[in-house]
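# Need the 3D shape of this:
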Amino acid sequence: MAKKVTRSDEKKSIFGLDVNGPVFFTSTIFIIVSIALTIIFEKKAEKAFANIQHAVAENADWFFILTINLFLVFLIYLAVGKYGKLRIGGQKAKPEFKTMSWFAMLFSAGMGIGLLFFGVAEPVKHLLSPPTAEPNTVAAAQEAMNFTFLHWGFHAWGVYALVGLALSYFTFSRGLPLTIRSIFYPFLGDKIHGKIGDAIDIFAVLATLFGLATSLGFGVQQIASGLNHVFGVPDGTLTQVLLIAGITLIATTSVVLGVDKGVRILSEWNMRVAVVLLLLALILGPTLFIFRSFVENTGSYFFNFLKISTWSETFEGSSWQNDWTVFYWGWWIGWSPFVGMFIARISKGRTIREFILGVL
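Now for the predicted structure:
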């Protein structure tokens, strides 16, 4: 009996890649128009984006904070409860990748360039301008590390884990397409294969692109500044555009080669370079101070976990969180379609408990 063709099956081949026409072309047009308008009306666009971000942060900060915490609680419930033993893709499914390769791909896709930039920039910034403590004090230093751990810790990965787990379940256990629309199957049924599903995927593509632009923008600025500082290379717009083109070329090549031959190898080398940088920092830096601060900061993060993860400046009346915590929660949510989809793709055969604990 022939397979019934649905909208999600109607693919076109572009450069050897299967493409969903309505999603691809609509997203492409919207992206091109958005970029063109932003370049033409640079100042007005900057002001409009700033106003939108401020309005969302001012009125929905409590919602972001509550929601991200609920995500984490729900994931822990799934990991420690009876559902933790369920295996993605069926009880007989086997993991496609070794654990170390899986971890390398998780880490590289999940944070990578953003962590390299903000791992240094954020705690230094918080030390100079802390949320509640006096600047340049011991209290400010501790507060800086607590919030840096918060922004890059369990809550951030909880967003990725939730989306990734939902996608992996509906893809490998229910046989639906590996797209964001599949998560909505319990609510929409077969309607996900039509225009509603296309609209969901278009929003996911746009969220991914603009989230990626934030990370890539920060990373390219850092690379350009480094090249300027070490080799005297101009760090202007031309250099940054060339860096973006080079990074995009490498990323595209790795995707075309496939997960096993492209992304996996690139991720493993990324982790090797990261380990070398870590060892250099330990050997050349104040080694004893690094070990002491790591232990102390980790303990402080856990001790203050509930306080900082639910703090919403209610009584302070300040807006520090709008620029940091709320911005990060929005950033992780914007990244989640891309990272969640990738995590789902590489996690077939793992139990729900292994998946959640591994990702977190």
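# what's downstream of the helix or strand of the chain with the lowest mean pLDDT, the next helix or strand?
When each helix and strand of the chain is scored by mean pLDDT, DSSP states H and E, strand 11-14 comes last, with a mean of 62. Using DSSP states H and E, the helix or strand that follows strand 11-14 in sequence is strand 17-20.
# all helices of the stretch 1-150 of the chain, in order?
For the stretch 1-150 of the chain, helices defined by DSSP state H, counting those that start in this stretch occupy the ranges 21-40, 42-80, 99-110, 113-128, 138-152.
# helices and strands around the third one, which ones?
Other helices and strands packing on helix 99-110, by 3 or more Cβ pairs under 8 Å, 6 or more residues apart in numbering; DSSP states H and E, are helix 264-284, helix 325-345, helix 352-359. Quick note: C-beta positions are derived from backbone N, CA and C, even for glycine.
# Need the helices of the stretch 1-150 of the chain in a markdown table (columns: mean neighbour count).
Output for the helices of the stretch 1-150 of the chain, formatted as a markdown table (neighbours: other Cβ atoms under 10 Å):
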| stretch | mean neighbour count |
| --- | --- |
| helix 21-40 | 13 |
| helix 42-80 | 14 |
| helix 99-110 | 19 |
| helix 113-128 | 17 |
| helix 138-152 | 19 |
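# Select from these the stretch with the lowest mean pLDDT.
Mean pLDDT values for the helices of the stretch 1-150 of the chain show the minimum at helix 99-110, a mean of 83.
# now what about that one, what contacts it?
95, 97, 157, 160, 259, 263-264, 266-268, 270-271, 274, 338-339, 342-343, 346-347, 350, 358-359 (Cβ atoms under 8 Å, 6 or more residues apart in numbering).
# how much distance is there from it to the middle of the chain?
13 Å (Cα atoms, centre = their mean, to the nearest Å).
# by how many degrees do it and helix 352-359 diverge?
In terms of direction (axes from the mean of the first three to the mean of the last three Cα atoms, to 10 degrees), helix 99-110 departs from helix 352-359 by 60 degrees.
# before we move on, the earlier item: for residue 203, find the nearest of the helices and strands packed on helix 99-110.
helix 325-345 (8.5 Å; Cβ to Cβ).
# Which other helices and strands does that closest one contact?
Using 3+ Cβ pairs under 8 Å, 6+ apart: helix 325-345 touches helix 42-80, helix 99-110, helix 138-152, helix 154-168, helix 195-231.
# for the longest one, packing partners?
Applying 3+ Cβ pairs under 8 Å, 6+ apart, one finds that helix 42-80 contacts helix 154-168, helix 305-310, helix 320-323, helix 325-345, helix 352-359.
# Quick one: neighbours of residue 130, just the number.
When counting by other Cβ atoms under 10 Å, one arrives at 21 neighbours for residue 130.
# again with residue 185
17.
# same thing with residue 201?
Neighbour tally, residue 201, other Cβ under 10 Å: 24.
# And the closest residue to residue 341 other than its chain neighbours, how close does it get to residue 95?
Nearest residue to residue 341 in three dimensions, chain neighbours excluded: residue 167, at 5.8 Å (Cβ to Cβ, 6 or more residues apart in numbering). For residue 167, the distance to residue 95 equals 17 Å [Cβ to Cβ, to the nearest Å].
# Ok, residue 131 next?
Distance from residue 131 to residue 95, by Cβ to Cβ: 41 Å.
# more crowded one of residue 167 and residue 95?
It is residue 167, of residue 167 and residue 95, that has more neighbours when counted by other Cβ under 10 Å, with 26 against 18.
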